[in-house]
Every structure is written in C-alpha cells, then in structure tokens.
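Asks: Structural data only, the sequence is not supplied:
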C-alpha cells in the first residue's frame, strides 16, 4: 500500500477499499486495517470516521519536510557514531564508497549506499534512532533506485565529506555533512516525481 501510494498508483483523494485489497492480497481485513492505521500515522492516508480511509495529498513541501526530518535524525546518528567508529568501521566506509563509485547499475549502487549508511547508524549504538531511521527510510517519497544517474556523482562527493569528517573525528562536521547529504536527496526526489506527474498542480 505504501509503495502504491508513493508510486502514484493510488491517487490523492482516492478512497481505499479495504475489502478489495484484502481479496487481492488473499488476507483478512484485519491486517489491511492495521496497515492503514500505520499509514495514517505516517501521514500517507487519512481515516475519516464513518466515511472511510483516503489517500492523503502530498505536495513538494511535504517531501522536503520528510527529507529534512530524516536528515536531522541521520545527522544525530552520524554525530554519535564519530566517537564509536573504530578503524575497521572507517575502512569499511572507505571500501563501500570506492565500490559505489565504480558500481554498474542503480540496484547495486542502492545496495552499497544502504550498507554505507547502515554501518554509520549501527555504530551510533542507539536503538531508538535506528528504529526512527528505519521508519523514515521506509516512508521515503522516492526510493533511491529510481533516482537519476547524476545523483550518484553527488552522493559520492557527499560520502567523501562524511568520511573526511569521521577521519578528523569532527562531530559537528559529520552531523552537518550527513544532514546536507540527505537534504540534497529531496531535490532529486521532487524532480523525479514532477516528471511522473505525481503532484496535482492547480
């Protein structure tokens, strides 16, 4: 359901037929209802008492806000990780960065990017931040695999900045570099969604 909404297959304002979805997926209405409760918390749907559940309208500001919040939490995790990353972790980041720079195909680049960030988030050692980052990443308005090719060059430059901050053990620089890295992704997401006519412009 989340993917269908973020990909535009379920349109803003469209009423979600719980029975039809349950039949399509071969499940009871209970897991569908639980899924819609979760999506309501994420702001992707809105449930109106005695009327039903409808797909929320998402505009450019919503997407920018999402990435900004994601960037702030990821920045906190990076700042926490500065003093916790050991030499092996840092070498792993450098290795992942090099592999991503030479990888063929967005799927492989996405996998390496995920592992790069997972290494940092794991080093932060905060279960609360990890769970929050997981929720935010699952709700991203655009999967990285759909980003344009120029995103890779920009991401690689930003990854270098993050690694340099870790090498210097500079907490503030690591936090700032991570926030800027995530926030930059918002621009690419909005551009791609505009190309897909995702937004309902007046």
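Replies: Looks like it arrived, so ask away. Only a predicted model underlies this, so the values are computations on that prediction, with no experimental measurement involved.

Asks: Could you use CA atoms for every contact and neighbour count after this?
Replies: Noted.

Asks: got the contact list for stretch 154-162?
Replies: 97, 100-101, 173-174, 177-178, 181 (Cα atoms under 8 Å, 6 or more residues apart in numbering).

Asks: So for that stretch, mean pLDDT?
Replies: In this model, stretch 154-162 has an average pLDDT of 92.

Asks: Stretch 58-71 now?
Replies: Mean predicted confidence for stretch 58-71 is 91.

Asks: Mind checking what secondary structure the residue lying farthest from the centre of the chain has?
Replies: Computed with Cα atoms, centre = their mean, the residue of the chain farthest from its C-alpha average is residue 50, at 32.8 Å. Secondary structure, DSSP: H, G, I helix; E, B strand; the rest coil: residue 50 is coil.

Asks: Phi, psi for it please.
Replies: phi 70, psi 10 (degrees, to the nearest 10).

Asks: list the helices and strands the lowest-mean-pLDDT helix or strand in the chain packs on?
Replies: For the chain, counting by mean pLDDT, DSSP states H and E, helix 2-6 ranks last in confidence among helices and strands (a mean of 81). With contacts defined as 3 or more Cα pairs under 8 Å, 6 or more residues apart in numbering; DSSP states H and E, helix 2-6 has no helix or strand neighbours.

Asks: buried sites along that helix?
Replies: 2, 5-6 (16 or more other Cα atoms under 10 Å).

Asks: Could you export the residues you listed as CSV, including distance to residue 88?
Replies: Below are the buried residues of helix 2-6 laid out as CSV (distance: Cα to Cα, whole Å):
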residue, distance to residue 88
2, 37
5, 40
6, 37
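
Asks: which SSE is the residue nearest the centre of the chain in?
Replies: Compute the mean C-alpha point of the chain, and by Cα atoms, centre = their mean the closest residue is residue 137, 3.1 Å away. Assigned by DSSP states H and E, residue 137 falls within helix 127-138.

Asks: Tabulate the contacts of stretch 154-162 in JSON lines, adding columns for secondary structure, pLDDT and distance to residue 121.
Replies: Output for the contacts of stretch 154-162, formatted as JSON lines (DSSP: H, G, I helix; E, B strand; the rest coil; pLDDT from 0 to 100; distance: Cα to Cα, whole Å):
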{"residue": "97", "secondary structure": "helix", "pLDDT": "94", "distance to residue 121": "16"}
{"residue": "100", "secondary structure": "helix", "pLDDT": "90", "distance to residue 121": "18"}
{"residue": "101", "secondary structure": "helix", "pLDDT": "87", "distance to residue 121": "21"}
{"residue": "173", "secondary structure": "helix", "pLDDT": "98", "distance to residue 121": "16"}
{"residue": "174", "secondary structure": "helix", "pLDDT": "97", "distance to residue 121": "12"}
{"residue": "177", "secondary structure": "helix", "pLDDT": "97", "distance to residue 121": "14"}
{"residue": "178", "secondary structure": "helix", "pLDDT": "97", "distance to residue 121": "11"}
{"residue": "181", "secondary structure": "helix", "pLDDT": "93", "distance to residue 121": "15"}
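
Asks: If anything else comes up later, I'll come back, but that's it for now.
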